[in-house]
Structure formats: C-alpha cells, structure tokens
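K.L.:
Only the shape, not the letters, is given here:
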C-alpha cells in the first residue's frame, strides 16, 4: 500500500468518529464578535487544546493575547526535516439572521453529503482536518514525517487585531520553514487551486467642510460652495470611465503580470457570463486590456465604499450642505506599498480640492499585498498532493481579497505561505446555512496527509 | 395734517392697545406642522376672523381647504378704485429646541424694543399691521381709499399644500387689481426694499443601481461597476469648477439681467466679506462674471442637496456598493420653465450614464420663478411710501429663495404682486428667539397706510 492508500484506509475506517468529534467542536458557539460568547470562546480553545494533546502535540498551551487567546501545540522530533507552522482559527461569524437557517447554526446536520453548521467550512472544519491528519500519520508511522507547530487563533473574524503583535512577540517560538493555512477555497467543485497572491488594502475617509452650517439653498445657492459638489468633484477625479485610476503614480510600483500567469488564468476558461449572472448586471466594467480575473486578482482598485452628506430622508429638502464625506479603499497588488499609496491619495486630493471648502483625510488600517512565487517547491509539492487526490491539474490562482495576517506572516517570519484551502465559494461562510462539502473534507484529509509526507523529502534549506 | 401725519398720530395714540392685541394673537401656538395643535389653529383663525369683523370687514368667513382653513374678509365699497388682495398666514413654525429660547415662544416679551415670540415677524406681526392699518383708515376717514380682500392662510409653513387649489377654485372671489404680501424683509436695518423677483424651484432624486446586492470589494473590485462611482460621475458632470451648469440648454431661457438691474444691485454696496463671515468661509464661489447678489438673485442654480450610498458608519467596510442616490434641486429664474428643466436634466443624466448601472429619476414638486417689472406703478407707489416713512431710497431687490405661492398668485390671478416686507434677516424666523423690531412695526403701519391711501389715486386700468 502506498502512503496515500494507507491514509485513505485510515480515514475511511475512522470517518464516523471524526465527524462526531468535529460536530462537538461545531456545537460550541465561539462567536468572537459578541462579548456574550466569551465563555464559549474559552470552551472552544480548551476543546482544541485537548484535541492537540490527543494527537500527541507537546507544549500545548492556551496563550493569552490582548484579545481572545491562541491555542498552541507542537511536535518537533523530525530532526533535519522541515517545520510547518499551521495557522487556522477557532472563532466563527455571528449567525444573524438566524431565522434564515434551515437547521440550527450550532446543531451540525448533514444533508446531501454537506455538513451544515456555522464554522463547518470557515474554519473549524479545515482546522480539524489538519489535527486528524496528524492523528492518522502517528497511527500509521508512530512518528511524523515533519515537525509541526499549530497556531489557532480566536480573532480572525474580527480582523485579527491581536495576532500581528503575538507573532512579533513570539518570532522564535513560531520559527518554521513554511506556513500552511487552510482558510481559503478550491477554484470550483472538483478543481483544486493554490492561491499564491492576495491583494493588500488601504483606505481613507475624506471629509469636506464648506460653510459653518447647512445653508438655505435659495438664499445662498449660487454664491457659496456646496460641500457635496466639492466632494463629488474629488471623487469623480479618481478614476476614468473604465475604472483606470487617475491618481498620479498609482500604478508605478505594480508588478506586471507574467506571461505565464496570464496564460494560466486564461486556461481556467472563466466565463464572464457566470459573474454577470451571479451579481445581476448586464455588463461588466473595468480596466481595458485585462480579463475579469486579471482585473480582480492582479490589478489594484480604488473603490468608494460609502458616501454621505446633506439630506437623505424622504422627499426633498433644499439645503445647501456644509459637510459631506466618503470612504474609499484601495486593493493593492504586489509590489505596491500602502503607505506610499496613501501619500499619493493625499497629494491627489489636495491637487483636486475645489475652492470654498476644507478637506480632512483620515487613514484606516493598511494591509500589505502578498505574493509567493508559485514555482516555490513548497507550493509545487502542495499542487502535486492536490493532483494525487483530485486527479486533475491544480490551478494557480490569486485572490482579489485581502487576508492581512498572511502578509504579516510573510513579513515577520519571512517564510513561504501555502494557502491550501478546501472550501467552496458557494458554502455561505459569513451567511446563513454555512456548510462544508464532505467530499472535500474527505479529499482534503488525504491531500494534507500526502503533503506533510511529501515535505519529508525536502530539507529546510531546499525550502529557503 | 397730511394723511401720513394723521396716521402717525393715530398709531402713536393706540400703540399700547395694538401691541396688547398682537400679543393675544402671538400667544396662540398655531403650529401647522404638528397635529396636536389643530385646535390652536382653529383658535387663531377665529381670532383673526373676529379681528377682521372688528375693523368692519364684510363677508368674513373661515373657509375650509383640504388642510387648515383660510380666513377671508372683504370691504368693496370704494367704487372705481383699485382692489387689493392682501395675503398672509396665521400658522407658525415649530419651536424646538425650546430650551434655546430666552423667553417662552408663546409668551410675547419686549426686550430692547424688539418683540420676542414665535410668529412675531413671520407672519402674525405683519398680518396684524395690515388689519390695524384698516382700523386707522376707517377711524380717520370713515371709509377706505381702496377696496380690500384679506386672505390669511394656515399652511404657509408647511408649503401651502392646499392654497393653489383654493385660489383656482375661488378665482372670482379673489379677483383683484394687485396682491400685497408682507412676509419678506427689508434689505437691512433702516433700508426698505421691494422684492420684485423670486427664483423658482425644481428637483429630482437620482437613484443608481449596479449589482443586485452589495459586493465584497476584494472579490469583485475592479471587475464590476461601483454604484457610488457611477453616481459621482453623473453628479460631477452637472457643473464646472465655478458652478456654471453644464446641462445642455439649461441657460437657454434665462432672461439676462437688465443693465439698470445690475446697476441697482451694485448701488447697494453689498460687501462680500459680510457673507463670508456670516457663513464662515474664506472664499466665495460661483459663476464667473456675476456679483454675489447677481449669482444668488438672478442666476439659476443646481445644488446637490443630499447624497447617500454604501457604508456610512464608523471606520471602514470594504463594500462595493450596489446602490447610491442623490437629491438635487435647481433654483430657476425668469423665464425658465421647471418642466423643461427637468426634461433637460433627464437627457443629461441619460447621456452621462456610466456603464454597468441603471438609473431612475424621481421628480419633486416644481415652483415657477416670479418676476414683476419693477417699473410697474403698483411697485413704484409702494417704494414711495417706504421712502416717505424711512426717508431713504427704496432698494429694488430679488430674492434667491422660492415662494411658490407667489408664482401661483401671479399665474392664476394674473395681477402684480407687491412684496412689501418689514422683517429683518436677523430676526430668527424658523429658529429660537424669533423677534420683530418694533421700529419696523411702527414704521410699517405708516408705510402700509400711506400706500393704501396712495393707491386711491390710480384707476384699476392704470394697474393693468
């Protein structure tokens, strides 16, 4: 029997027990955003600590942070072999509106080979798969093919406010050769994918102030600047009619897409009609000369996220508004720097400031973009493990969103990050009726087992 | 004694009683906007009906409308003489925030020769002056020099929703040679003015719809149109950086300012620094080639009154918004037509519609602009009466605001409207501590008496 066949036999034999155990974890309503679930957060952390101990992890501990604690455990006896730092999270999103769930969010239910529960896919189910893979490898080989450290946090769904500091304070403890994260998805049903790039993020709020108070548009209209008009001029100056950003220098540091990346995306045979139908529009929109996937994965954006000012109630109020504001955010791509982009935005806004108003700018949190070379051996080995199980080629994709903690790992620990996800975009994470396709639960266990075994063939030096 | 001297003696002799009577009226909290004051509205209407009877008005009646009733009374025995239709209102604005009043809003108080009470200036005080002028003229001459009809409505502060229909239904009853309204102001302290033009009004709400729901700006940003960006492009297309409106045909019907009007405005020696200080801006803003007074009195505007879309809470939410909207209104000048302007706005919006969105337009109520030739004898006589009392030249001004009912009178009854106001813009109508300068109460009584007497010298034909 090959190692993969052994894993297959083990997971098949223990499937029922594994699902029962996962259900225990899913029953804990560990909602990080709601303070009334603080005790549930501790219960979930304790459950995971025990689960790590049960699979022979050592130095298992629930470590405090400024917020919810992280669960840690390690096994470091594979001398000369790579050390994996596995990252996942035990907190889940709130469940409102709970009346839209077909079964109770914290009462796991299987329908049509899909496991319905809050956290089933994001991310308890995927964290659990790594723990059970360790169980299987110990059962089969009495030892692990690699060294492993588990870092399972409790604040991912609220933006990981404490984790960057935790990583910085524990660089030595978290030292590793690669980081494996299972919190993303397949490209589609039956189509494995490795996400090797994520967009970064920066944002500002723009506040425009004209007169000292709202004015009567009859008495003053035509002679005093209107804060909304002024704001509108600034906002309209950011992009041209195709969405190409007009902020001087905005694209200067953008890494052009490699020919092989463009070819790889084209090979995905993405159908733009699917997106039109999904979002309900008749026409797409975006930078000329780029496909939809290129636009959303590898090109930066500037989006107005909100706008406000003047009278927004029913009917009309003929006010000449003194104040108006907008929130804008940019998705950034390698090798753009959020600090530099904010400086360019400031210069642009100042340059386009209309007469008769003052403008103030407030900066929001920034997240670096992230890109790992997809020819890295850690990535290539992972793609092979997917292929061994799914029996189709693995796609190399980027994600248009931002997972700031990935960039933090990358920057602080300076090791490659392998985003090895098993979710599907249809699985309603963050929405009612979250579920996890058990087909990918089953296959994922085998992919992870195959991958951890394969990493044994590499030295830490080969992963540099 | 001249007629004016006789009036002066009469008003001096009866001042104390007149003020006591006015206080009775001011004590009635006739707030048309608040249904709990419905009985107070009836009390005020009854009070005025009795006051009209007391000064020998005939056919006095409280006439129903779709809303609050109007008070009517007439005296039509000056054969061959002009008939004045006097219009005013007995309703007042709400008084919140009541804690900002230095004395109770419905307990009239004189401080520093100013009468403090809700409605003192707008408009009970000014209505009362016309009734007491009639009293004086009867006392002095046993008859009136002119025919007069009183029409005092109860819905001015809520936009006169019932009055246009009332006028249309009672054209015969309201038939007259000129309309006199005292519900505006002097140009400044000691500076009488006649407002001979008002701007009209039209407005629309613009609603932009992109995707069928808000989208994740990471997953879709760069490939799907953003409703706020689309809206912003439309809004920014309306005006250039000086506020000149870019809607094709918008200015086509605008009557150019006559040289004598420009000269008259320039002669007012208006100081733009006063406005800057009043509204709290460092620089004014507006169409090039026009003074501030010309911009706000005689040029049309397009103002965004409100804008909304996406996330407006604290912090950032990286949403790609599916919906956004704005309310815009235009102040129109003679001879612009609100219907035509709305059609031009629709064409402009359609022409500037960005890709990837649908736009719907909702129209609001429209009001015609109003302009009476200021060389009309009814206007010129009124200016002379002001000069007889104030001993300075009367300014001919326009108002930037809109009093839609003035245009309705003008259009339905087809007679000149004389806006003979005695308020001051500093008198806090619609705000806490509304007051009326008793100097202008006193002078106004004499101006009105002088004017009604002077009109006796004209035939109805001369007023055509």
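P.N.:
Done, it's in. Keep in mind the model is a prediction, meaning the values are calculated, not measured. Numbering: from 1, shown residues only, chains lettered A, B, ... in the order given.

K.L.:
hey, let's count contacts and neighbours off CA atoms from now on
P.N.:
Noted.

K.L.:
For the stretch 151-300 of chain A, what lies in contact range of chain B?
P.N.:
Proximity of the stretch 151-300 of chain A to chain B is confined to A:199, A:203, A:210-213, A:215, A:217-226, A:228-229, A:232-233, A:235-236, A:241, A:243, A:279-287, A:292, A:295-296, A:299-300 under the rule CA under 8 Å from any CA of the partner chain.

K.L.:
repeat that with 6 Å
P.N.:
A:211-212, A:218-219, A:221-225, A:232-233, A:236, A:279-281, A:283-286, A:292, A:295-296 (CA under 6 Å from any CA of the partner chain).

K.L.:
Tell me which of the residues you listed fall in helices.
P.N.:
When helices are assigned by DSSP state H, the members of those inside them are A:218, A:219, A:232, A:233, A:236, A:279, A:292, A:295, A:296.

K.L.:
Of the residues you listed, which is the nearest to chain B?
P.N.:
Using CA to the nearest CA, the shortest approach to chain B within these belongs to residue A:218, at 3.6 Å.

K.L.:
any idea what sits nearest that closest one, other than its immediate chain neighbours?
P.N.:
In space, residue A:218 comes closest to residue B:401 once its chain neighbours are excluded; the distance is 3.6 Å by CA to CA, 6 or more residues apart in numbering or on different chains.

K.L.:
about what we covered before: mind putting the ones in helices among the residues of the stretch 151-300 of chain A next to chain B into TSV with pLDDT?
P.N.:
Listed next are these as TSV, based on pLDDT from 0 to 100:
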residue	pLDDT
A:218	88
A:219	88
A:232	98
A:233	97
A:236	97
A:279	91
A:292	96
A:295	96
A:296	95
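
K.L.:
Let me know the pLDDT of the residue most central in space within chain A.
P.N.:
Against the mean C-alpha coordinate of chain A, by CA atoms, centre = their mean, the closest residue is residue A:403 at 3.8 Å. Note for residue A:403: predicted pLDDT of 81.

K.L.:
Please apply the same query to residue A:158.
P.N.:
In the prediction, the pLDDT value recorded for residue A:158 is 86.

K.L.:
Next, the contact list for residue A:459, please.
P.N.:
The contact partners of residue A:459, by CA atoms under 6 Å, 6 or more residues apart in numbering or on different chains, come to residue A:81.

K.L.:
if we go to 8 Å?
P.N.:
Going by CA atoms under 8 Å, 6 or more residues apart in numbering or on different chains, residue A:459 touches A:80, A:81, A:82.

K.L.:
separation between the closest residue to residue A:188 other than its chain neighbours and residue A:20?
P.N.:
Leaving out its chain neighbours, the residue that sits closest to residue A:188 by CA to CA, 6+ apart is residue A:424, at 6.4 Å. In this structure, residue A:424 and residue A:20 are 22 Å apart, going by CA to CA, to the nearest Å.

K.L.:
and those two? which has more neighbours close in?
P.N.:
residue A:424 (21 against 12; other CA atoms under 10 Å in any protein chain shown).

K.L.:
And the more buried one, how close does it get to chain B?
P.N.:
As defined by CA to the nearest CA, to the nearest Å, residue A:424 lies at a distance of 14 Å from chain B.

K.L.:
roughly how far apart are that residue and residue B:329?
P.N.:
Computed with CA to CA, the distance linking residue A:424 and residue B:329 is 48 Å.

K.L.:
Please apply the same query to residue A:161.
P.N.:
If you measure residue A:161 against residue B:329 using CA to CA, the figure is 45 Å.

K.L.:
Comparing those two, which residue is more hemmed in?
P.N.:
In this view residue A:161 and residue B:329 are compared by other CA under 10 Å, and residue B:329 has more residues nearby, 26 against 16.

K.L.:
hey, what's that one bridged with?
P.N.:
residue B:203, residue B:303 (DSSP bridges).

K.L.:
Which strands or helices does the one helix or strand residue A:165 maps to pack on?
P.N.:
Residue A:165 is part of helix A:163-169, with elements assigned from DSSP states H and E. The contact analysis (3 or more CA pairs under 8 Å, 6 or more residues apart in numbering or on different chains; DSSP states H and E) places helix A:163-169 against helix A:404-413.

K.L.:
how about the helix it packs on, does it reach chain B?
P.N.:
No - figure legend: helix A:404-413 not in contact with chain B (CA under 8 Å from any CA); closest approach 12.1 Å.

K.L.:
Who are the packing partners of that helix?
P.N.:
Using 3+ CA pairs under 8 Å, 6+ apart as the contact test, the elements touching helix A:404-413 are helix A:163-169, strand A:370-371, strand A:417-419.

K.L.:
any residue of the second one up close to chain B?
P.N.:
Think strand A:370-371. No - contact of strand A:370-371 with chain B is not found when judged by CA under 8 Å from any CA; the minimum separation is 13.5 Å.

K.L.:
Residue A:447 is in contact with residue A:133, correct?
P.N.:
No - under the criterion of CA atoms under 8 Å, residue A:133 makes no contact with residue A:447, lying 9.4 Å away.

K.L.:
Neighbour count: these two, which is higher?
P.N.:
The residue with more neighbours, out of residue A:133 and residue A:447 and counting by other CA under 10 Å, is residue A:447; that gives 27 against 23.

K.L.:
State the helix or strand in which the more buried one lies.
P.N.:
Using DSSP H and E, the element containing residue A:447 is helix A:438-455.

K.L.:
by contact count, what packs against that helix?
P.N.:
Against helix A:438-455 (3+ CA pairs under 8 Å, 6+ apart) you get helix A:3-26, helix A:124-141, helix A:377-390.

K.L.:
pLDDT wise, what is the closest residue to residue A:419 other than its chain neighbours at?
P.N.:
Leaving aside its sequence neighbours, residue A:419 sits nearest to residue A:181 (CA to CA, 6+ apart; 5.0 Å). Residue A:181 carries a pLDDT value of 96.

K.L.:
So what does residue A:181 look like in phi/psi?
P.N.:
Residue A:181 adopts backbone torsions of phi -130, psi 130, taken as degrees, to the nearest 10.

K.L.:
neighbours around it, how many?
P.N.:
The local packing of residue A:181 (other CA under 10 Å) involves 20 other residues.

K.L.:
In contact with it, which residues?
P.N.:
Residue A:181 sits next to A:86, A:87, A:88, A:417, A:418, A:419, A:420, A:421 when contact means CA under 8 Å, 6+ apart.

K.L.:
Apply 6 Å and report the result again.
P.N.:
By CA under 6 Å, 6+ apart, the contact set of residue A:181 is A:86, A:87, A:419, A:420.

K.L.:
quick one: which of these has the most company?
P.N.:
When neighbours are taken as other CA under 10 Å, the top entry among the contacts of residue A:181 is residue A:420 (26 neighbours).

K.L.:
Distance check, that residue against residue A:88.
P.N.:
Residue A:420 is 11 Å from residue A:88, by CA to CA.

K.L.:
re the thing from before, dump the contacts of residue A:181 into CSV; add pLDDT as well.
P.N.:
As requested, the contacts of residue A:181 are arranged in CSV below (pLDDT from 0 to 100):
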residue, pLDDT
A:86, 98
A:87, 97
A:419, 95
A:420, 95
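
K.L.:
ok, back up a step: going by neighbour count, which of the contacts of residue A:459 are buried?
P.N.:
A:81, A:82 (16 or more other CA atoms under 10 Å in any protein chain shown).
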